[in-house]
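A.B. asks: A predicted structure for the sequence below; I have some questions about it.
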Amino acid sequence: MNRKLIIVIVILAFLLAASLIVISCLLSSTSNRAVISPQSHTPQSPFIQATSIAESQTAEVDVAKEPVFIVPIYNGEEIIILDEDRCLFDADFMIEEYLHFSDLDSLGRCGPAEACIGVSLLATESRGPIGMIKPSGWHTIRYEFIDGNYLYNRCHLIAYQLSGVNSDERNLITGTRYLNMEGMLPLENRVYNYIISTGNHVFYRVTPRFSENDLLAKGVEIEAYSIEDNGEGLNFHVFCFNVQPGVTIDYHTGESYASDSITRSIDSDNDDSVYTPSDGVTFVLNTNTKRFHLVTCQSVYEMKSKNRKEFFGTREELLDQGYVPCGRCNP
Ligand SMILES: [Zn+2]
């Protein structure tokens with residue numbers, strides 16, 4: 001009897017010990033799993049958000065939150081330079097062509113469009129119709145004094161010539177003729193010409209900037225960075241205004257009316273009317289926008305006098321200095 005009891009006790013003790021070992025193993029494996037669980041991954045953008053004054057000053061770093069962009073105030077120039085024109089780019093990046101458009105938001109508005117553009121993305125065919133697309137804030141409206149007569153164009157975020165993408169609603173915003181031709185086109189030409197002449201790739205991002213619930217963008221932020229030469233050939237970061245001289249625009253709806261007072265108030269601190277080109281001037285520079293113009297270009301008389309500089313050399317010298325030909329007078 002005694003012997004049997006001892007055997008039973010030994011077996012029970014053994015079972016108890018074995019179950020303790022199993023339980024402790026289970027516990028340690030669950031805690032291991034917790035440690036190696038995948039960390040939340042934030043996709044890396046090729047561009048560091050450089051517009052973020054708020055970011056560097058905020059102690060709490062929330063990587064998922066996009067820094068607040070403060071829409072610049074229009075002061076009579078078609079573009080302004082952001083962050084000293086540098087697109088702060090983390091160069092450790094694979095060269096792979098892509099195009100990315102954001103889905104429209106609940107108000108039907110476009111978001112950032114981003115691309116890595118190489119020769120094979122450039123448009124090869126002539127553009128098809130886009131009239132069926134009605135971007136947010138769209139109105140078909142004419143003013144006799146506007147070049148081409150229509151106030152609004154369907155404005156590609158990533159230009160057709162750079163992407164071959166034409167009638168994608170995620171790539172088209174309501175933009176003024178002025179934004180399209182004076183603000184964006186010279187920059188797009190610059191990117192196109194760079195890619196064609198070098199065969200290199202360019203990271204390119206266009207972000208439409210809306211205030212609150214406005215249907216019409218205040219403008220677009222454009223960043224470009226040439227990859228193979230680490231930004232040597234192209235590295236800019238600007239904001240192009242969605243304005244039209246002589247027209248007052250309600251950005252909430254896209255409605256508009258002709259307004260002389262607007263142009264006058266812009267020009268009031270501007271002694272443009274008294275500008276007379278000196279003898280032998282070959283081009284007139286805008287030192288703020290880094291554009292150069294023919295002496296006869298209307299923009300020469302519209303720019304602020306403090307930004308106007310006469311130039312007596314060649315076109316090539318200006319290109320070497322980083323100046324961009326104006327889209328209006330094509331110097
Ligand atoms: Zn010009």
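C.D. replies: Yes, it's here.

A.B. asks: Tell me where this structure is predicted with low confidence.
C.D. replies: Applying pLDDT under 70 to the chain picks out residues 1-66, 88-94, 260-274.

A.B. asks: Near the ion, which residues of it are found?
C.D. replies: Residues of the chain found near the ion, taking CB under 5 Å from the ion as the criterion, are His293, Cys297, Ser299, Cys326, Arg328, Cys329. C-beta: built from backbone N, CA, C; applies to glycine.

A.B. asks: And those, which is closest to Ile222?
C.D. replies: Within these, the smallest distance to Ile222 is 16.5 Å, found for Cys326 (CB to CB).

A.B. asks: List the contacts of that closest one.
C.D. replies: Glu182, Pro186, Arg291, Phe292, His293, Leu294, Cys297, Ser299 (CB atoms under 8 Å, 6 or more residues apart in numbering).

A.B. asks: May I ask which of those residues has the most neighbours?
C.D. replies: Counting neighbours by other CB atoms under 10 Å, Arg291 comes out on top of the contacts of Cys326 with 29 neighbours.

A.B. asks: Excluding chain neighbours, what is closest to it?
C.D. replies: Cys326 (4.9 Å; CB to CB, 6 or more residues apart in numbering).

A.B. asks: measure that neighbour to Ile133 for me?
C.D. replies: Between Cys326 and Ile133 the computed distance is 28 Å (CB to CB, to the nearest Å).

A.B. asks: Tell me, how many residues neighbour Gln321?
C.D. replies: Neighbour count of Gln321, defined by other CB under 10 Å: 12.

A.B. asks: partner residues bridging Tyr150?
C.D. replies: Arg142 (DSSP bridges).

A.B. asks: in this structure, which spans are helices?
C.D. replies: Defined through DSSP state H, the helices belonging to the chain, from first to last, are 2-36, 53-57, 160-163, 177-178, 185-198, 260-267, 298-302, 315-320.

A.B. asks: Would you agree Cys155 is in contact with Thr174?
C.D. replies: Yes: using CB atoms under 8 Å as the test, Cys155 is close enough to Thr174 to be in contact (7.1 Å).

A.B. asks: Overlap of the contact sets of these two?
C.D. replies: In the contact map built from CB under 8 Å, 6+ apart, the residues linked to both Cys155 and Thr174 are Pro135.

A.B. asks: who touches the closest residue to Glu182 other than its chain neighbours in this structure?
C.D. replies: When the adjacent residues along the chain are set aside, Glu182 lies closest to Glu78, with 4.3 Å between them (CB to CB, 6+ apart). For Glu78, the set of contacting residues under the criterion of CB under 8 Å, 6+ apart consists of Tyr178, Leu179, Glu182, Gly183, Cys240, Phe241, Thr289, Ser299.

A.B. asks: Against the ion, how distant is the one residue sitting closest to the centre of the chain?
C.D. replies: With distances taken as CA atoms, centre = their mean, the chain has Val206 as the residue nearest its mean C-alpha position (2.6 Å). In this structure, Val206 and the ion are 22 Å apart, going by CB to the ion, to the nearest Å.

A.B. asks: Can you tell me who that residue pairs with across the strands?
C.D. replies: Listed by DSSP bridges, the beta-bridge partners for Val206 are Ala113, Ile222.

A.B. asks: My guess is it contacts Ile222. True?
C.D. replies: Yes: with contacts counted by CB under 8 Å, Val206 reaches Ile222, the gap being 5.3 Å.

A.B. asks: Relative to the ion, how far out is Ser120?
C.D. replies: In terms of CB to the ion, Ser120 sits 32 Å off from the ion.

A.B. asks: Then Tyr74?
C.D. replies: With distances taken as CB to the ion, Tyr74 is found 18 Å from the ion.

A.B. asks: Could you give the number of residues near that residue?
C.D. replies: Burial of Tyr74 is recorded as 17 neighbouring residues (other CB under 10 Å).

A.B. asks: ok, now Glu228?
C.D. replies: For Glu228, which is what you asked about, the neighbour count (other CB under 10 Å) is 14.

A.B. asks: What sits closest to it if chain neighbours are left out?
C.D. replies: Nearest non-adjacent residue to Glu228, counting by CB to CB, 6+ apart: Asn200, 4.3 Å away.

A.B. asks: Sweet, I'm off.
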